[in-house]
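> build the 3D model from these lines:
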Amino acid sequence: MSNTNLYRFAGWSAILSILVSFGMFALIGGGRGVVFMVVSITASLFTLIALYGVYVFHRPQAPALSLAMLVCAAVGLTLENLGMGPDTPMGMVTSVIYGTTFLLVGYLGYGNAQMPRWLAICAYVVGFASLATAGASALGQVGVASAVPMVLFVAWIAWSIGIWRFFTKSVMATA
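Numbering: from 1, shown residues only. From the prediction side, this is the model:
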């Protein structure tokens, strides 16, 4: 697969992860069960494909950091699908790993002249919100730990739409 096709696939995967996530909450209501797990795993796979595209994009400039980002993404998304709530110790670890993933995405994006700065800022917001969720959960602040993921979700949607646009509409699609 050429990089052009990979970037397009990664971009569309980012959009599909949003649609699957919205469908999951609209149709299932965020409950637990087999259907929820299948839909959640599907959304995570689409997100991981989008992050793989980010990895391939940043690999020439920062191979070690981009690989660390991809490994954190794979571990974080896998742990996320084990069904641990954010108030459990494993849920807090998952939030820290997920936050680290997006902080690395933001750092890599901010250091690359081709990537729009606002995409890096959205990734930073997702990363810091995820870390804030873990911190609030560790401190027993259930209200904060429940509210912060809404900021995370909105920033993640903006980042996903931006990655879709960047990989499908920009110079990346014709490179």
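> and the longest helix seen in the chain, what does it pack against?
Identified as the longest helix of the chain according to DSSP state H is helix 142-169. Using 3 or more Cβ pairs under 8 Å, 6 or more residues apart in numbering; DSSP states H and E as the contact test, the elements touching helix 142-169 are helix 3-23, helix 34-58, helix 117-138. Bear in mind the C-beta positions are built from the backbone N, C-alpha and C, glycine included.
> and the longest one, what's its mean pLDDT?
Here helix 34-58 scores 89 as its mean pLDDT.
> mind listing what's buried along whichever helix or strand comes after it?
Counting by DSSP states H and E, the next helix or strand C-terminal to helix 34-58 is helix 63-80. Residues of helix 63-80 classed as buried: 65-66, 68-70, 72-77, 79-80 (neighbour count, 16 or more other Cβ atoms under 10 Å).
> contacts for helix 63-80 next, please.
Residues from elsewhere that reach helix 63-80, judged by Cβ atoms under 8 Å, 6 or more residues apart in numbering: 40, 44, 47-48, 51-52, 54-55, 58-59, 90, 93-94, 97-98, 100-101, 104-105, 107-108.
> list the buried residues of stretch 90-100.
91, 92, 94, 95, 96, 97, 98, 99, 100.
> residue contacts, the closest residue to the fifth one other than its chain neighbours?
Right, residue 96. Excluding the flanking residues, the one nearest residue 96 by Cβ to Cβ, 6 or more residues apart in numbering is residue 134, at 4.9 Å. Contact analysis of residue 134 by Cβ under 8 Å, 6+ apart lists 86, 92, 93, 95, 96, 99.
> quick check, nearest of these to residue 125?
Nearest to residue 125, judged by Cβ to Cβ, of the contacts of residue 134 is residue 99 at 10.5 Å.
> look up how far residue 47 lies from that closest one.
14 Å (Cβ to Cβ, to the nearest Å).
> give me the low-pLDDT residue ranges for the protein?
For the chain, the stretches with pLDDT under 70 are 1, 27-32, 83-87, 170-175.
> out of the contacts of helix 63-80, which are buried?
Counted by 16+ other Cβ under 10 Å, the contacts of helix 63-80 give 40, 44, 47-48, 51-52, 54-55, 58, 94, 97-98, 100-101, 104-105, 107-108 as buried.
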